[in-house]
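**Q** Below are the sequence and a predicted model for it; my questions follow.
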Amino acid sequence: MAGKAATQLDPTWPSFEAASATSPFVAGALGPVSGWIVGTTLLLLILAFVDIASSGWTRRRAAMSAALVLAGLVLAGSDGVETVPRWLAAGAVTGLLLWLGYVLVLRRHMALLPVAAAAMSFLSIVREGTFRAFPAALPGALTAGLLILAAGFLWSRRLTADSQSQS
């Protein structure tokens with residue numbers, strides 16, 4: 001959100017990375033899936049750490065709030081830092097949203113995270129595909145989006161089943 005509020009003087013360019021692959025469609029369909037898996041796993045690890053360290057948000061709330069804001073700064077810098085003020089603003093907003101998501105929803109049902117991450121990824125991946133940077137960009141992006149939605153749903157179901165079997 002902070003990145004969108006700042007004035008962007010350079011044009012938006014699509015990613016041409018998959019175009020150089022032997023099969024651009026396959027690269028366009030599978031590339032985003034691996035990135036989504038890594039990102040979702042990282043978020044689950046961060047939130048599981050916060051949940052355990054805060055004893056289900058009953059202890060050390062201030063320290064764990066600071067940890068979530070710090071995690072937001074790290075996540076905001078994962079794509080590269082253009083300017084320090086923009087990175088700080090984006091990191092603060094990311095950390096605040098991470099904190100809000102954990103406090104209001106995810107601490108009660110962490111299994112929702114893969115579905116939420118899949119929905120957000122779907123929108124950005126399909127948006128990237130609409131640039132049609134190469135002939136197979138849109139079909140690859142749609143396939144990647146659908147694969148991510150299916151994987152998010154299955155991952156959430158598995159986490160729910162695991163938490164119910166432990167209860």
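**A** Looks like it came in fine.
**Q** May I ask you to confirm that G145 is in contact with E128?
**A** No. Contact between G145 and E128 fails when scored by C-beta atoms under 8 Å: they sit 9.8 Å apart. Bear in mind the C-beta positions are built from the backbone N, C-alpha and C, glycine included.
**Q** For G28, the count of nearby residues, please.
**A** 28 (other C-beta atoms under 10 Å).
**Q** wait, isn't it in contact with R132?
**A** No. Using C-beta under 8 Å, G28 is not in contact with R132; the gap is 11.0 Å.
**Q** in stretch 149-156, what's buried?
**A** Neighbour-count burial for stretch 149-156, with 16 or more other C-beta atoms under 10 Å as criterion, is recorded at A151, G152, W155, S156.
**Q** Which ones among those residues map onto helices?
**A** If you go by DSSP state H, those have A151, G152, W155, S156 in helices.
**Q** re earlier: now the buried residues of stretch 149-156 in CSV, please, with extra columns for distance to L98 and pLDDT.
**A** Output for these, formatted as CSV (distance: C-beta to C-beta, whole Å; pLDDT from 0 to 100):
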residue, distance to L98, pLDDT
A151, 21, 96
G152, 18, 96
W155, 19, 95
S156, 18, 95
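**Q** and L88, what does it touch?
**A** If you count contacts by C-beta atoms under 8 Å, 6 or more residues apart in numbering, L88 has them with L73.
**Q** same thing but at 10 Å, please
**A** Contacts for L88 were tallied using C-beta atoms under 10 Å, 6 or more residues apart in numbering; they are A2, L73, A76, G77, V81.
**Q** Cool, thanks, talk later.
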